[in-house]
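Q: Show me the folded form of this:
(one chain, ligands or ions: 1)
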Amino acid sequence: MMETVVSGIRSTGKLHLGNYYGAIKNFLKMQDEYNCYFFIADYHSLTTHPMPADLHGNVKQVLVEYLAAGIDPEKATIYVQSDVPEIPELYLFMNMNAYLGELERSTSFKDKVRSQPDNVNAGLLTYPVLMAADIIIHKATKVPVGKDQEQHLEMARTFGNRFNRMYNTEFFPEPYAFSLGQSLIKVPGLDGKGKMGKSEGENNAVYLSDSPEIIRKKVMRAVSDSGPTEENQAKPEAIQNLFDLLKLVSEESTYTHFDDLYNKCQIRYGDLKKQLAEDMIIATAPVRERINDIAADSAYLSKVAALGAEKARESASKTLREVREIIGFRKF
Ligand code: AMP
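A: Numbering: from 1, shown residues only. As a prediction, the model looks like this:
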C-alpha cells in the first residue's frame, strides 16, 4: 500500500526560505510518489492571537504560496486545518493521555516560555498534541519537516503508541520526520544566530514574496564580522550561516570560491552577500512570479480549498469513526 505523508505550515504569515527548503521542496518531490496531505495550520496559529481581520488573509497567503511553489492539488490533498473538525476531536482524545511533565519538557515550549512570557497559554503547552492529531489522523508514517520539528515527531509517536497500548490495538502507525535528502535541514536566518523563522524579527527571514530589491537590502544587512585573522580558521556562527545559505541557493563552484577566499583571509563579505542575494533572487523567481496571478484567482482558490477539505475529511472521519469505536463510544 502507498505510504501516507502529512505535513503542514502555520498560517502566521508569509512563507520564508526556511519553509521552502525545510518543508516545501520535499513536498514537491513527494507528491508524485506518496499519498500526500499538505495542510495550512490555522488552529496552530491561534496560539499567537491573530486579529480576526487578519486570519483569513494569512491562510490565503499560505495557500497561494503552496500553489505558487508547485504543490499540485490534483496530486496532493491541500486543505485548511480548520475545515476538518475531526482534528480537534482527535486532539481532545489525545490530550487525555498527554502528561504535563512531558509537555513542559518540550524544547519549543521552553523556548516560547522564554520568548513570550506574557502569553504562555495551554494551546502552546499542547501544541505537540495538536500536531500529533494532525499527523495520525491520516495514519501517516512520513512527515517531511525541518530539523526543528524532530522532537515533536517523537512526541507524536509517543501519543500514538500510548493510545495503542491503552486500548490494546495497533491502530496508529509510527510517524517519522522525513527528508528526501540525507538529513533534516535547518535553514539559518540573517541575524547571525539560530534558524530562519517568522517569529525572529523582520530582518531575519527572506520571504518567497519579497521583491529582488528587498532581498538585496536584507542580505546586505545580514550580520557578519570583521573577517578571519588566521588562515583556515573555523567560521563563527554568523559567517557559517551565510555559507549555509550559499550552499542552499548557489552553485557549488560559488560556494567553493568564497570558502577558499575565507580560508586565505581574503574574503570580502560585501561580495559574498551580493552574490548570495542574486542567487536567492534567481532561486525564488519561479515562485515569486506566480504568487500575484494565483492570489487574484479567487474562484480557483475556493475550488482547491473545497476539494482538499472534502478529501481530508473523508480520511479523517474514517479514522475518527474507528477511534470512537475503540475508545468505547456507542450510539443509543
Ligand atoms: P512553521 O513555519 O514553524 O509552521 O514551519 C513549517 C515547516 O517549515 C516545518 O516543516 C518546519 O520544520 C519548516 N521550517 C520552518 N523554519 C525552518 C528553518 N529555518 N529551517 C528548516 N525548516 C524550517
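
Q: Got phi/psi on the residue in the stretch 51-200 of the chain that the ligand sits nearest to?
A: Closest contact between the stretch 51-200 of the chain and the ligand, by C-beta to the nearest ligand atom, is at Gly146 (2.2 Å). Just so you know, the C-beta spots here come from the backbone N, C-alpha and C atoms, and that holds for glycine as well. Phi and psi for Gly146, reported as degrees, to the nearest 10, are phi -80, psi 170.

Q: can you tell me which residues contact the residue lying closest to it once chain neighbours are set aside?
A: In space, and not counting its chain neighbours, Gly146 is closest to Gly22: 3.0 Å by C-beta to C-beta, 6 or more residues apart in numbering. Neighbour list for Gly22: Val145, Gly146, Lys147, Asp148, Leu184, Ile185, Lys186, Val187 [criterion: C-beta atoms under 8 Å, 6 or more residues apart in numbering].

Q: could you dump those to a markdown table with secondary structure?
A: Shown next, in a markdown table, are the contacts of Gly22 (DSSP: H, G, I helix; E, B strand; the rest coil):
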| residue | secondary structure |
| --- | --- |
| Val145 | coil |
| Gly146 | coil |
| Lys147 | helix |
| Asp148 | helix |
| Leu184 | coil |
| Ile185 | coil |
| Lys186 | coil |
| Val187 | coil |
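
Q: List buried residues within the residues you listed.
A: Val145, Gly146, Asp148, Leu184, Ile185, Lys186, Val187 (16 or more other C-beta atoms under 10 Å).

Q: Need the residues you listed in a markdown table (columns: pLDDT).
A: Converted to a markdown table, the buried ones among the contacts of Gly22 look like this (pLDDT from 0 to 100):
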| residue | pLDDT |
| --- | --- |
| Val145 | 85 |
| Gly146 | 78 |
| Asp148 | 83 |
| Leu184 | 82 |
| Ile185 | 85 |
| Lys186 | 89 |
| Val187 | 94 |
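
Q: Closest one of these to Met30?
A: Val145 (11.9 Å; C-beta to C-beta).

Q: Quick one: neighbours of the residue nearest to Asp191 when sequence neighbours are not counted, just the number.
A: With C-beta to C-beta, 6+ apart as the criterion, Asp191 has its nearest non-adjacent residue at 4.4 Å, and that residue is Asn204. For Asn204, the neighbour count with other C-beta atoms under 10 Å is 23.

Q: pLDDT score assigned to Met2?
A: The score at Met2 is 88. That number is its pLDDT.

Q: my hunch is that it is in a helix, does that hold up?
A: No: read with three-state DSSP, Met2 is coil and lies in no helix.

Q: Tell me which residues touch it, please.
A: With C-beta under 8 Å, 6+ apart, Met2 has these contacts: Tyr34, Asn35.

Q: Would you mind measuring from it to Met30?
A: 11 Å (C-beta to C-beta, to the nearest Å).

Q: mind listing the strands in the chain by residue range?
A: For the chain, the strands defined by DSSP state E cover 4-10, 35-41, 77-80, 142-144, 176-178.

Q: Report the distance from the first one to the chain centre.
A: With C-alpha atoms, centre = their mean, to the nearest Å as the basis, strand 4-10 stands 8 Å off its chain's centre.

Q: Please apply the same query to the second one.
A: In terms of C-alpha atoms, centre = their mean, the centre of strand 35-41 is set 11 Å apart from its chain centre.

Q: now do the fourth one
A: Once both centres are worked out by C-alpha atoms, centre = their mean, strand 142-144 turns out to sit 11 Å from its chain's centre.

Q: same question, the third one
A: For strand 77-80, the distance between its averaged C-alpha position and the chain's averaged C-alpha position is 15 Å (C-alpha atoms, centre = their mean).

Q: Can you give the strand pairings for it, parallel or anti for each?
A: strand 35-41 (parallel) (DSSP bridges).
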